[in-house]
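Undergrad: Here's my sequence, what's the structure:
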Amino acid sequence: MVRQGMKLDNVSFTGAVSACGHQRNLEVGRQIHGLCINRGYGTQVSVCNVLMSMYAKCEVVENANFVFKRMNERNVISWTTMISVDEKNVVRLFNEMRLDGVYPNDVTFVGLIHAILGNWWKKAEWFMGVL
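TA: Model prediction:
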């Protein structure tokens, strides 16, 4: 598309980044991320949401967090993605989401419960192994 001189927009970028996430293609995803920034879509909500998802699927949580922190505006999808990705800070993120005036949906609660119980279960398994 770029070589053919087509004008790229947020829809083009979300589709391309989403494909990278599905294929776990971090290298191309990072290149498209750079192109998003160069074309002025680096902080656009739908583009950032799919970038965070792609980085999460590629298991690069710090990059998802970087994208999240640079966002000017966040919606329930943005917050839910980070709650699902950053299990260490799940309660803090949930509280910040509420302070930001964003209301959780069913998927948010599933991510929250999974993160909390997932961490608890890991600790319980470790504890039981010690006994």
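
Undergrad: Give me the neighbour count for the closest residue to residue 44 other than its chain neighbours.
TA: Sequence neighbours aside, residue 10 is the residue nearest to residue 44 in space, at 5.1 Å (criterion: C-beta to C-beta, 6 or more residues apart in numbering). Every C-beta, even on glycine, is put in place using the N, C-alpha and C of the backbone. The tally of other residues near residue 10 (other C-beta atoms under 10 Å) stands at 17.

Undergrad: distance of residue 10 from residue 67?
TA: 14 Å (C-beta to C-beta, to the nearest Å).

Undergrad: same check, this time on residue 89
TA: From residue 89 to residue 67 the distance is 15 Å (C-beta to C-beta).

Undergrad: who has more neighbours, those two?
TA: residue 67 (24 against 14).

Undergrad: can you pull the pLDDT of the most centrally placed residue in the chain?
TA: Among the residues of the chain, the one closest to the centroid is residue 52, at 2.8 Å (C-alpha atoms, centre = their mean). On pLDDT, residue 52 comes in at 97.

Undergrad: Not counting residues beside it along the chain, what's closest to it?
TA: Residue 52 sits nearest to residue 64 (C-beta to C-beta, 6+ apart), 4.3 Å away.

Undergrad: Can you give me every residue that contacts that neighbour?
TA: 51, 52, 53, 55, 56, 81, 82, 85, 86 (C-beta atoms under 8 Å, 6 or more residues apart in numbering).

Undergrad: Check residue 74 too.
TA: Counting by C-beta under 8 Å, 6+ apart, residue 74 touches 45, 68, 97, 100, 102.

Undergrad: So which of these is the closest to residue 26?
TA: residue 68 (17.3 Å; C-beta to C-beta).
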